[in-house]
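Engineer: The following comprises the amino acid sequence and a computationally predicted model.
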Amino acid sequence: APTGGELAFARDSTFACFAAAGETDFNHEEVVAATERMRSAKVPYRLEFFPGPHSWPPTDVCGGALEWFTLRAMRGGLVPTDSGWMASHLDREFAAADAREKSGRLADAVRLYAAISRDYPPSPRLEIARKASAAIERRPEYAAWLQRTSELMDRDLKQSRELPEIVKWFRTERNVPSAD
């Protein structure tokens, strides 16, 4: 359940959060956790990953963020709705989700199909996105990825709980092993 600052924007359709992180970013899990809190608090959000470590996102990710904010502005009535632009953008997002699936990036495909389902106005195409996501989620390789991700998250949590004790020991230990 959300417990942080995201509650200030819960169910506020005028606030939205676009998050991006490198696939090997040191705070990858924190970004995922933050967007999960946004989802739980019903705050509109979009999450994208890009190859590499912690850094500024590539221009295509930044451009995608601006397009997503444009879509949010149309959905929120802040700018006039351009149905042609919206349909074209939806076509591109379906193509991107399909490409992610075909290249084996199943979690990315599921994430994008879910984003399509929640970001666009109701239409029969959204059911296609929901069904595509559900089909991927039933695949054994996706289930294996979820299992491995859960194991890694549990390991990280265990290590984060052990770290203060290790630091405490290190600070009190007089015979610290050398780095050699």
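Structural biologist: Noted; the coordinates are in hand.

Engineer: Every contact and neighbour count from this point should use C-alpha atoms.
Structural biologist: Fine.

Engineer: Can you show me the helices along the protein?
Structural biologist: Taking DSSP state H as the test, the helices found in the chain are 28-40, 59-75, 83-102, 106-119, 124-137, 140-172.

Engineer: residues contacting the spatially most central residue of the chain?
Structural biologist: Nearest residue to the geometric centre of the chain (C-alpha atoms, centre = their mean): L47, 3.3 Å. Neighbour list for L47: F18, A19, A20, V32, T35, R111 [criterion: C-alpha atoms under 8 Å, 6 or more residues apart in numbering].

Engineer: Pick the one among those residues closest to F170.
Structural biologist: V32 (31.2 Å; C-alpha to C-alpha).

Engineer: What are the neighbouring residues in contact with the closest one?
Structural biologist: Contact analysis of V32 by C-alpha under 8 Å, 6+ apart lists L47.

Engineer: Tell me how far it lies from G84.
Structural biologist: Distance, V32 to G84, using C-alpha to C-alpha, to the nearest Å: 32 Å.

Engineer: do the same with R37
Structural biologist: 33 Å.

Engineer: So between those two, which is more surrounded?
Structural biologist: R37 (19 against 9; other C-alpha atoms under 10 Å).

Engineer: Now do the buried residues in stretch 35-52.
Structural biologist: In terms of neighbour count (16 or more other C-alpha atoms under 10 Å), stretch 35-52 has its buried residues at 35-50.

Engineer: measure A96 to A129 for me?
Structural biologist: The value you get for A96 to A129, if C-alpha to C-alpha is used, is 12 Å.

Engineer: any idea of the pLDDT on S13?
Structural biologist: Note on S13: pLDDT of 60.

Engineer: Check R161 too.
Structural biologist: pLDDT, R161: 81.

Engineer: Quick one: low-confidence residue ranges for the protein.
Structural biologist: Scanning the chain for pLDDT under 70 picks out 1-13, 174, 176-177.

Engineer: if we go to 90?
Structural biologist: Applying pLDDT under 90 to the chain flags the ranges 1-16, 26-30, 32-43, 76, 121-122, 145-180.

Engineer: nearest spatial neighbour of D108, skipping sequence neighbours?
Structural biologist: Of all residues beyond its chain neighbours, the one nearest D108 is R100 (6.4 Å), with distances taken as C-alpha to C-alpha, 6 or more residues apart in numbering.

Engineer: Could you pull up the contacting residues of that neighbour?
Structural biologist: So R100 contacts L106, D108, A109 (C-alpha under 8 Å, 6+ apart).

Engineer: The last one contacts E101, doesn't it?
Structural biologist: What that stands for is A109. Yes: in this structure, A109 is within contact of E101 by C-alpha atoms under 8 Å, at 5.4 Å.
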